[in-house]
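J.: Using only what follows, build the 3D model:
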Amino acid sequence: MSEPDPRADLRRRAADERIRDALVELKQAKDHHARGASAAGLTSAKRAAGIALEGALLVAPNRAWGRSHLEHLAALAYDRSTAKGVSRACHALLRASGCDLEVLDRAFDVVAHAWFVVHRDDPVPPAPPAEIAEAASGLEGGPRHE
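T.: Next up, the predicted model:
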């Protein structure tokens, strides 16, 4: 039996930190939306999705996703191997001209997807952050994706 790669654990911990950062950024997007700062809300929503995807890239590297947050979103929007719901969420974020409840939901969808990518190979995945667990409860198959 081979020894576990200690670097894999470090990458996973760093990826989890990125997911937490993304959830903080998503909270800022919601705050901007609540104050009517639509442009700032959209920027924060896109940034939240991109930060989360950075975390996914730490454990599942993919050069096709590019280097920037917008490149990550564009790559997933057109990647046929990505769940349709995630692709649609990325399309919606890229097409949006301001922040509304749909933009916030789509950004959350991408963050939740990234969390599941980070932990899909864990023998015993940790409990998801409360925001993700709450949204996924009662949904068959986890988050709101096809």
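J.: Pull up the per-residue confidence for Arg13.
T.: We have a pLDDT of 89 for Arg13.
J.: Please, which helix or strand holds it?
T.: Per DSSP states H and E, Arg13 falls inside helix 6-34.
J.: tilt between the following helix or strand past that helix and helix 6-34?
T.: Note on helix 6-34: by DSSP H and E, the next helix or strand toward the C-terminus is helix 38-59. Here helix 38-59 points in a direction 170 degrees away from that of helix 6-34 (axes from the mean of the first three to the mean of the last three Cα atoms, to 10 degrees).
J.: Okay, buried residues for helix 38-59 please.
T.: 38, 40-59 (16 or more other Cβ atoms under 10 Å). All C-beta spots, glycine's among them, are computed from the backbone N, C-alpha and C.
J.: How about the secondary structure of the residue nearest the centre of the chain?
T.: Centroid check for the chain by Cα atoms, centre = their mean gives Val111 as the closest residue, at 2.1 Å. Assigned by DSSP: H, G, I helix; E, B strand; the rest coil, the conformation of Val111 is helix.
J.: Identify the residues contacting the nearest residue to Val117 once chain neighbours are set aside.
T.: Leaving aside its sequence neighbours, Val117 sits nearest to Ala56 (Cβ to Cβ, 6 or more residues apart in numbering; 4.0 Å). When contacts are counted by Cβ atoms under 8 Å, 6 or more residues apart in numbering, Ala56 touches Ala15, His113, Ala114, Val117, Val118.
J.: could you measure Gly66 against His72, distance?
T.: Using Cβ to Cβ, to the nearest Å, Gly66 is found at 6 Å from His72.
J.: Comparing the two, which residue is more hemmed in?
T.: Legend: neighbour count by other Cβ atoms under 10 Å for Gly66 and His72, higher for His72 (26 against 15).
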